[in-house]
Structures are given as structure tokens and as C-alpha cells.
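> my questions are about this predicted structure, shown below with the sequence.
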Amino acid sequence: MSPEKIGINSIEPSVLACEHSKHPSTPLRMTPYFVILFSIFNFLFSPNSFSQQAPSLTRILFLLDGSSSMSEAWSSTTKIDAARKMISKIADSLNLSSDVQLSLRIYGHQFNSTEMNCTDTKLEVPFASHNSQGIKSALSSLRPKGITPIAYSLEQCANDFPADLRARNVIVLVTDGEESCNGDPCEVSLRLQKKHIFLRPFIIGLNLNPDETQKMECIGNYFNVQDPEALRNVMTTVISRVLSSSAVQVNLLDNQNRPLETDVNMTFYDDATGIYRYNFYETITNHGVPDTMQVDPVPKYDLIIHTTPPIEREHLNFPPHQVDTINVPASQGFLKIVLEGKTINQNLNNKIRVLVRKAGTEETIQVQNLNETQKYLSGSYDLEVLTLPRMQIKNVAITQSTTTNIQIPLPGVLSITKTYPGIGSVMLVQNNRLEKIYQLNENLSNELIGLQPGDYVILFRSKFSKKTTDTLRKKFQIKSGETTSIKL
């Protein structure tokens, strides 16, 4: 079943800009520390959970590039000093939290670049609470000198996170260059995300060129910073996003663009891995507006709205600290299919099904029973009624909040009695042509078949006869609500 796709542009969250817009008199350079404190408070004390089963804690692993190029000058400092300073500040700001654990892994710092060591990576500080001093100590002793084995380092990160299905595992990679060892960081990242080792990583590139940027974007949520001030702002944005919840309000719009459609199931899938993260039934609150849903702001999402047919929105980002609103045209009406007149044989009529397709397409979106009312998105549909013979009803209109009633002719009943077993079939006669619509069961002596009104022929030959000319041919007519008996 192919969803109706409505693409939108993904929007990278900017907590700094958001906070600055609320307090325009506050210099933007002061905002990051306010945001970090706000994020911690929101994470620790908000009653809303990140998922339908609340995580017990968040683990953040800083994966830091310690290769030789990190010692290069960058504005008034060096790349490694700018990264060292920022990670140290974040470690200090989170040191009092018992619900956040930090860890530090460094690569490219144990062997000289001339040795081309592609396994040069080490977990310098394992996960723990209140470990900022250990992280700062490891950073202060770091001396960049090696190469950049990003893929291998990501692979080793899988062993750094303790086994805990309730924890949120996040990687923040800070690097000034691309992979040096012919590894595939994008493949490793995606594979480990699919195994639930960690959420979509954050990648912070330090003044990478366009070719390097293109190779890094597929690893995770990518940012490229041009100077130390930009690094501070982006790092603060990342930590704020990690430690916050996001709220999304999905407005299902009727044909007057009012968010009044409701009671629809919605599934949020991880955009990178395709794994579903949340299932909700949308509802209208007591205030008459669609309810908000809490989601983790780290991944990007694909959203399936399980209307009939379903609607899909792709590549969604939900910024923290605000309610993101998604407006989805979802006007719906109803379809009911009934028989003309009263039923004559409940067992036969209960077997009739109706295939529902979007007009002009071949894909079945629903199989509907008779006398049932089903909800569909407003639009035109083609129906195929599985009577004998099948009926085609084209361009049935479904409109907002109304029920479209379709009546099909009441079938008749063909009762067949066989005095001996044999092979045979029922043929529809139409425009001097014969169309086979039913194969008789050679092992049954009596068969009851529901047929639409029309002219028919039965062809039958005894199972024991060895002459083709022994084939019997009997014409008959089926009328609505009547039983026609044939003896063979």
C-alpha cells in the first residue's frame, strides 16, 4: 500500500535564534549558557517523556578528533584548544546531574601520523555521572599527532555504552577532517543506529571544505562551523537538543482547513533507520484543539498518518523548547455498500467483498464488506465488487463528513445437483461471448452459487466419460432474489 506522499523541507532547529528572538535585548553571545541551564532544568523536571516508555537517563559520548591537523591555528586559538574548552564547559555544566552521564573517546592521538595507525582510538573516560574532572584531565593531556580513523572509532563506540534499553545513547563527534583509513563512517553509523546502539549522531565539522562536508552529512545531524564562536553556539544547540523534549501538534484539516479530523492513528519512524519510534492515536483536547505529542528531538522522522489511504510526511525535524505544528489536509467521508432489496441467503451474501482503489489506479487500498461503513479521505474511488461476475463501479465520490451509499443488484442463487462427479464451469453470456466465471467442484454433489442477474451457460462432462462430445450444455437465467435449480 503506497502512502500519499507530501514532502516538506526539513528545518534545522536553532535554539539560539529562538531564545534571542524572545529576548532581543540579550546579546546573542550570552545565550548558550542560559540555554544549557534551561535544557537541564527541562530535562530533569519535565513530566513529559521522550518516548512511550520513559528513558532512565541520557548518555552523551564525545568522540573527539585528536589527529595532527587539530593542532592547526584557528582564529586566535587552535582547533584542539577550541574543542577542549567547549567540551570542558559542557562537562562542568552537566556535572551535577544524575540523569546525564558523559564519556570521552579520542582518536588519532596515540601514534604519529607517519605510522598510519588505523586503530588509533581509545575510550579515555568511561560513562559515569559527575565525571567532569576526569574529562577535563584527559583533554588537558591530549596532544594531537595521528590520523583520522572515524569509521573504526564509531565501531568501537558500540562497546562504550553500557547495556541499558531504557537509556538514550547519543554521540557528539567533533572533527576537522574526513576518514583517513578507507572506512565507511556512514555505513557504520546507520548499522549501529539500526541495532539501537545509539541515536542519530551529531557531527560537528571544524571548517571542513565542501568535499569533506558532503562525505560527513550522511553520518548524522551535521553542522559545519567556521570559527570558535560558531563552535560554541552549535555545541550549545546540540546539547540543548539532546537534553530537551519536543512537542508536535498534527492538525488534520477538513475541507475548510479546520483541524477537526481526529481519532486517527499516527506512526513516527526514524528517518535514517526506518524503525518506528512512536505510535499515537491523535485526539482533540477539551479545549477543542488537537493534542500535542512529545517526541525525542534527536532523530529526524517520517510520519505515517493511517487514514485510508494513508498520508506520509517525510524528513521531519522537531526543534526543542517549542510546539511544532504540522498542517495536513485530511478531509474524510464515509462509504457504505449495500444490496438492493432483502438478502435471500446470508451465507452467500456474507462472502461478497468490495475492492476499493483510488480512481485510475490499480492498487487496492481497502477490502470492504457489504453493509459496513468505512471512512476514506475525500476524493474519487473505483470499486470492484467481488460478485460473480465481478462488477466495476468507477469514480465514486467521497466528500467531507457525508456517507456515500452504493447499492448493488441483489444476486440470485444457482443450486446445482450432480448425479455423478464431473468437471464443469459456469459461463456468463454477454454480447454473444462466453466468459468463464466459476469452476465447479468435481467432488461435490451439491453446490450453491451466488450470481448476479444475467444469462448463463453450464458446461459439464462426467468424470468417467472419455468422449468430448458427452459435454452437456445447459442455458439458464439468474434473476435477483430468486433461486434457479439445475440438475446434472
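Received it, and whenever you're ready, just let me know what you need. Predicted model, so just to flag it, every value in this text is computed and none were measured.
> show me the strands in the stretch 201-350 of the chain, by range?
Along the stretch 201-350 of the chain, the stretches classed as strands by DSSP state E, counting those that start in this stretch are 202-206, 221-225, 246-253, 265-270, 276-281, 293-295, 301-305, 311-316, 323-329, 332-339.
> show me where this protein has its helices.
15-22, 31-45, 79-93, 132-140, 150-157, 185-194, 210-216, 228-242, 346-349 (DSSP state H).
> tabulate the strands of the stretch 201-350 of the chain (TSV), appending distance to residue 178 and mean neighbour count.
C-betas here are computed from N, CA, C, even on glycine. Below are these laid out as TSV (distance: least, C-beta to C-beta, whole Å; neighbours: other C-beta atoms under 10 Å):
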stretch	distance to residue 178	mean neighbour count
strand 202-206	9	25
strand 221-225	12	19
strand 246-253	31	20
strand 265-270	25	19
strand 276-281	30	15
strand 293-295	32	21
strand 301-305	28	22
strand 311-316	24	18
strand 323-329	33	15
strand 332-339	49	19
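> want to throw those strands into a markdown table with distance to residue 133 and mean pLDDT?
Output for these, formatted as a markdown table (distance: least, C-beta to C-beta, whole Å; pLDDT from 0 to 100):
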| stretch | distance to residue 133 | mean pLDDT |
| --- | --- | --- |
| strand 202-206 | 23 | 97 |
| strand 221-225 | 27 | 96 |
| strand 246-253 | 32 | 95 |
| strand 265-270 | 35 | 96 |
| strand 276-281 | 35 | 93 |
| strand 293-295 | 34 | 92 |
| strand 301-305 | 37 | 97 |
| strand 311-316 | 39 | 96 |
| strand 323-329 | 38 | 95 |
| strand 332-339 | 59 | 94 |
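> quick one: contacts for the spatially most central residue of the chain?
The residue lying closest to the centre of the chain (C-alpha atoms, centre = their mean) is residue 269, at 2.7 Å. If you count contacts by C-beta atoms under 8 Å, 6 or more residues apart in numbering, residue 269 has them with 275-277, 301-304.
> cool, residue 428 as well?
Contacts of residue 428 (C-beta under 8 Å, 6+ apart): 389, 434-437, 454-456.
> so where's this protein shaky on pLDDT?
Residue ranges of the chain with pLDDT under 70: 1-55, 342-350.
> what about 80?
Counting by pLDDT under 80, the chain has low-confidence residues at 1-56, 165, 341-351.
> one step back: from the contacts of residue 428, which land in strands?
434-437, 454-456 (DSSP state E).
> closest to residue 354 among those residues?
residue 437 (17.2 Å; C-beta to C-beta).
> adding distance to residue 445, write the strands of the stretch 201-350 of the chain out as JSON lines.
Shown next, in JSON lines, are these (distance: least, C-beta to C-beta, whole Å):
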{"stretch": "strand 202-206", "distance to residue 445": "73"}
{"stretch": "strand 221-225", "distance to residue 445": "70"}
{"stretch": "strand 246-253", "distance to residue 445": "55"}
{"stretch": "strand 265-270", "distance to residue 445": "48"}
{"stretch": "strand 276-281", "distance to residue 445": "51"}
{"stretch": "strand 293-295", "distance to residue 445": "60"}
{"stretch": "strand 301-305", "distance to residue 445": "50"}
{"stretch": "strand 311-316", "distance to residue 445": "52"}
{"stretch": "strand 323-329", "distance to residue 445": "57"}
{"stretch": "strand 332-339", "distance to residue 445": "29"}
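> looking at those strands, which is closest to residue 426?
strand 332-339 (20.5 Å).
> can you report phi and psi for residue 309?
phi -70, psi 160 (degrees, to the nearest 10).
> what's opposite the residue nearest to the centre of the chain in the beta bridge?
Assessed by DSSP bridges, residue 269 has beta-bridge partners residue 276, residue 302.
> brilliant, that's me finished.
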